[in-house]
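*Asks:* Sharing a model prediction with you, sequence too.
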Amino acid sequence: MTTYGGRRDQAARDAITVEIGYALCSAAFAAAVVFGALAGPVWLFTLPYIVETLLLRTAQVVAPVLFAARVISVLVRFRTDAQPSQPGRTNPDS
(Lines give C-alpha, C1' and ligand atoms only; values in the text may rest on other atoms or scores of the structure.)
Protein backbone atom coordinates (compact mmCIF):
# COMPACT_ATOMS: atom_id res chain seq x y z
CA MET A 1 0.00 0.00 0.00
CA THR A 2 1.25 3.45 -0.75
CA THR A 3 0.07 5.02 2.52
CA TYR A 4 -1.51 3.75 5.69
CA GLY A 5 -5.19 3.23 4.87
CA GLY A 6 -4.62 4.19 1.24
CA ARG A 7 -5.27 2.37 -1.99
CA ARG A 8 -3.16 -0.52 -3.21
CA ASP A 9 -0.74 0.03 -6.06
CA GLN A 10 -0.74 -2.16 -9.17
CA ALA A 11 1.96 -4.49 -7.83
CA ALA A 12 -0.06 -5.21 -4.68
CA ARG A 13 -3.20 -5.89 -6.73
CA ASP A 14 -1.25 -8.21 -9.03
CA ALA A 15 0.24 -10.03 -6.04
CA ILE A 16 -3.13 -10.73 -4.45
CA THR A 17 -4.55 -11.83 -7.82
CA VAL A 18 -1.74 -14.32 -8.27
CA GLU A 19 -2.12 -15.52 -4.69
CA ILE A 20 -5.87 -16.07 -5.10
CA GLY A 21 -5.24 -18.00 -8.32
CA TYR A 22 -2.61 -20.14 -6.59
CA ALA A 23 -4.93 -20.79 -3.64
CA LEU A 24 -7.79 -21.88 -5.90
CA CYS A 25 -5.65 -24.08 -8.18
CA SER A 26 -3.75 -25.79 -5.38
CA ALA A 27 -6.98 -26.35 -3.44
CA ALA A 28 -8.73 -27.82 -6.49
CA PHE A 29 -5.80 -30.15 -7.12
CA ALA A 30 -5.64 -31.30 -3.49
CA ALA A 31 -9.40 -31.86 -3.34
CA ALA A 32 -9.36 -33.82 -6.61
CA VAL A 33 -6.53 -36.05 -5.41
CA VAL A 34 -8.26 -36.78 -2.11
CA PHE A 35 -11.60 -37.37 -3.83
CA GLY A 36 -9.94 -39.74 -6.31
CA ALA A 37 -8.12 -41.59 -3.54
CA LEU A 38 -11.33 -42.12 -1.58
CA ALA A 39 -13.80 -42.70 -4.42
CA GLY A 40 -11.43 -44.37 -6.88
CA PRO A 41 -11.69 -47.87 -5.44
CA VAL A 42 -15.47 -47.73 -5.94
CA TRP A 43 -14.98 -47.39 -9.70
CA LEU A 44 -12.07 -49.82 -9.94
CA PHE A 45 -13.23 -52.72 -7.78
CA THR A 46 -16.42 -54.55 -6.99
CA LEU A 47 -17.10 -53.67 -3.37
CA PRO A 48 -20.02 -54.31 -1.06
CA TYR A 49 -22.76 -51.69 -1.31
CA ILE A 50 -22.17 -50.31 2.19
CA VAL A 51 -18.44 -49.84 1.52
CA GLU A 52 -19.14 -48.11 -1.78
CA THR A 53 -21.64 -45.80 -0.13
CA LEU A 54 -19.31 -45.04 2.76
CA LEU A 55 -16.36 -44.24 0.48
CA LEU A 56 -18.40 -42.02 -1.85
CA ARG A 57 -20.05 -40.08 0.98
CA THR A 58 -16.73 -39.64 2.77
CA ALA A 59 -15.16 -38.33 -0.44
CA GLN A 60 -18.10 -35.95 -0.97
CA VAL A 61 -17.60 -34.50 2.50
CA VAL A 62 -13.80 -34.47 2.78
CA ALA A 63 -12.99 -32.96 -0.63
CA PRO A 64 -14.95 -29.68 -0.22
CA VAL A 65 -13.75 -29.29 3.36
CA LEU A 66 -10.15 -29.75 2.20
CA PHE A 67 -10.73 -27.26 -0.64
CA ALA A 68 -12.01 -24.58 1.73
CA ALA A 69 -9.31 -25.22 4.31
CA ARG A 70 -6.55 -24.97 1.68
CA VAL A 71 -7.90 -21.71 0.21
CA ILE A 72 -8.27 -20.15 3.65
CA SER A 73 -4.84 -21.26 4.84
CA VAL A 74 -3.06 -19.92 1.74
CA LEU A 75 -4.84 -16.56 1.84
CA VAL A 76 -4.40 -16.09 5.58
CA ARG A 77 -0.70 -16.90 5.30
CA PHE A 78 -0.36 -14.38 2.45
CA ARG A 79 -2.20 -11.68 4.40
CA THR A 80 -0.03 -12.06 7.51
CA ASP A 81 3.18 -12.05 5.47
CA ALA A 82 2.23 -9.01 3.41
CA GLN A 83 0.97 -6.67 6.13
CA PRO A 84 3.00 -5.95 9.26
CA SER A 85 1.05 -5.76 12.50
CA GLN A 86 2.55 -2.36 13.34
CA PRO A 87 3.41 -0.39 10.20
CA GLY A 88 6.83 1.22 10.29
CA ARG A 89 8.18 -1.02 13.04
CA THR A 90 10.28 -4.12 12.65
CA ASN A 91 9.67 -5.55 16.13
CA PRO A 92 6.35 -5.49 18.00
CA ASP A 93 8.26 -4.65 21.22
CA SER A 94 10.02 -1.60 19.77
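*Replies:* Happy to help now that I have it.
*Asks:* In the chain, mark out all the helices, start to finish.
*Replies:* Applying DSSP state H to the chain gives helices spanning 10-44, 49-82.
*Asks:* In terms of mean pLDDT, which of those ranks lowest?
*Replies:* Mean pLDDT per stretch puts helix 49-82 lowest among the helices of the chain, at a mean of 91.
*Asks:* can you pull the buried residues of that one?
*Replies:* For helix 49-82, the neighbour count (16 or more other Cβ atoms under 10 Å) marks 52, 55, 59, 62-63, 66-67, 70-71, 74-75, 78 as buried. Quick note: C-beta positions are derived from backbone N, CA and C, even for glycine.
*Asks:* Need those in CSV (columns: distance to Asp9).
*Replies:* Formatted as CSV, the buried residues of helix 49-82 follow (distance: Cβ to Cβ, whole Å):
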residue, distance to Asp9
Glu52, 53
Leu55, 49
Ala59, 43
Val62, 40
Ala63, 37
Leu66, 34
Phe67, 31
Arg70, 28
Val71, 25
Val74, 22
Leu75, 20
Phe78, 17
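*Asks:* I'd like to know the phi and psi angles of Arg8, please.
*Replies:* Backbone torsions for Arg8, taken as degrees, to the nearest 10, come to phi -80, psi 150.
*Asks:* from the buried residues of helix 49-82, which is closest to Pro41?
*Replies:* The nearest member of the buried residues of helix 49-82 to Pro41, counting by Cβ to Cβ, is Leu55 at 6.4 Å.
*Asks:* quick one: contacts for the nearest residue to Ala23 once chain neighbours are set aside?
*Replies:* Leaving aside its chain neighbours, Ala23 sits nearest to Val74 (3.8 Å; criterion: Cβ to Cβ, 6 or more residues apart in numbering). Shown in contact with Val74 (Cβ atoms under 8 Å, 6 or more residues apart in numbering): 19, 22-23, 26-27.
*Asks:* before we move on, the earlier item: what two of the buried residues of helix 49-82 are the furthest from one another?
*Replies:* Maximum pairwise distance among these (Cβ to Cβ): 39.3 Å, between Glu52 and Phe78.
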